[in-house]
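Trainee: next come a sequence and a model predicted from it.
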Amino acid sequence: MNQRIDQLTKLLKGENTEDFVLFALAKEYDKIGEHKRSIQFFEQLISQNKEYTGAYYHLALALRANGLEEKALETIHRGIDICQSTNKIHDKNELESLIDPNSIDLFCYK
């Protein structure tokens, strides 16, 4: 396991499930191509804080990387709804770019 994942995992021991730690762990697993593990952490994060809107975008990308397009689209639409209700325009625009047929991100995973 890489050092950053080890450090972040130690932060999660016990009762500490801070949003940022979950997000950072999900991103680290994403970077090393462990998308299923990344999905678990993004879903845990959204489960405990549905208004952490940046997680919806990254979760949708990880789902697509695992061939789960329908679930990715559900995540995108759920995220857009949350963004609208919390007035997070930037995150809403990013999510909408994932369903725009002219978007370069439609089938690409970064």
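Mentor: Structure's in. What do you need? The model shown is predicted, which means the values in this text are computed figures rather than measured ones.

Trainee: next SSE after whichever strand or helix holds H58?
Mentor: Assigned by DSSP states H and E, H58 belongs to helix 54-65. Under the assignment DSSP H and E, the closest C-terminal helix or strand after helix 54-65 is helix 69-86.

Trainee: tell me the mean pLDDT over stretch 42-53?
Mentor: Confidence over stretch 42-53 (mean pLDDT, whole number) is 95.

Trainee: now that stretch: buried residues?
Mentor: By neighbour count on 16 or more other Cβ atoms under 10 Å, the buried set for stretch 42-53 is F42, E43, Q44, L45, I46, K50, Y52, T53. Heads up, the C-betas are built off the backbone N, CA and C, glycines and all.

Trainee: using CSV, write down the CA coordinates of that stretch.
Mentor: Extracted in CSV, the C-alpha atoms of stretch 42-53 (Å, rounded to 0.1, in the frame of the first residue of the first chain):
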residue,chain,number,x,y,z
PHE,A,42,-17.0,8.0,-2.1
GLU,A,43,-20.2,6.2,-1.2
GLN,A,44,-19.4,6.2,2.5
LEU,A,45,-18.7,10.0,2.3
ILE,A,46,-22.0,10.7,0.5
SER,A,47,-23.9,8.5,2.9
GLN,A,48,-22.7,10.5,5.8
ASN,A,49,-22.8,13.9,4.1
LYS,A,50,-25.0,14.2,1.0
GLU,A,51,-24.0,17.8,0.6
TYR,A,52,-20.3,17.1,-0.1
THR,A,53,-21.1,17.8,-3.7
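
Trainee: can you give me the neighbour number for I76?
Mentor: Other residues within reach of I76, judged by other Cβ atoms under 10 Å, total 23.
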